[in-house]
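Participant: Quick check, what structure comes out for this input:
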Amino acid sequence: VQLQAFGGGLVQAGGSLRLSCAGTGFTPGPYAIGWFRRVPGKEREGVSCISSSRSGSMTLYADSVKDRFTISRDNDKNTVYLQMNSLKPEDTAVYYCVKYNGTTADYDSWGQGTQVTVSS
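Facilitator: Next up is the predicted model:
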């Protein structure tokens, strides 16, 4: 399965966006889901992750987004969200959502990301 990220766009600094993550026929509940972002010429950056529902949907955030971004899941809608507030120009990137593969101990299901552009 490929997970698709939706909801990107152009926003002014200080604004907000909510990204959504879903996959055709995919139920995210049993999986840890992560959000990454990538800027051309830079290493990809892990932004946030949420553990499986059975593990209590615990959340982690990169220091660069802590207290500004919130990850959540809606199992009824089979969707994981990334609420991004107080956006900064340095948040500009393509954002991807992926699921954690416990067998490989890595994230997979990379799909099409969504562009977030924050203007100053």
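
Participant: Give me the residues contacting stretch 37-51.
Facilitator: Residues outside stretch 37-51 that contact it (C-beta atoms under 8 Å, 6 or more residues apart in numbering): 32-36, 57-62, 64-65, 69, 71-73, 80, 82, 91-96, 100, 113, 116. Where you see a C-beta, it was placed from the backbone N, CA and C, and this is true even at glycine.

Participant: Return the distance of it from the chain's centre.
Facilitator: Offset of stretch 37-51 from its chain centre (C-alpha atoms, centre = their mean, to the nearest Å): 9 Å.

Participant: end-to-end on that stretch?
Facilitator: One end of stretch 37-51 to the other measures 18 Å (C-alpha to C-alpha, to the nearest Å).

Participant: likewise stretch 100-111?
Facilitator: First-to-last residue span, stretch 100-111, C-alpha to C-alpha: 14 Å.

Participant: How about stretch 7-17?
Facilitator: 7 Å.

Participant: what pLDDT, on average, does it get?
Facilitator: Stretch 7-17 carries an average pLDDT of 98.

Participant: Least confident secondary structure element in the protein?
Facilitator: Across the helices and strands of the chain, mean confidence by mean pLDDT, DSSP states H and E is lowest for strand 106-108: a mean of 90.

Participant: Show me the contact partners of that strand.
Facilitator: Residues outside strand 106-108 that contact it (C-beta under 8 Å, 6+ apart): 34, 36, 98-101.
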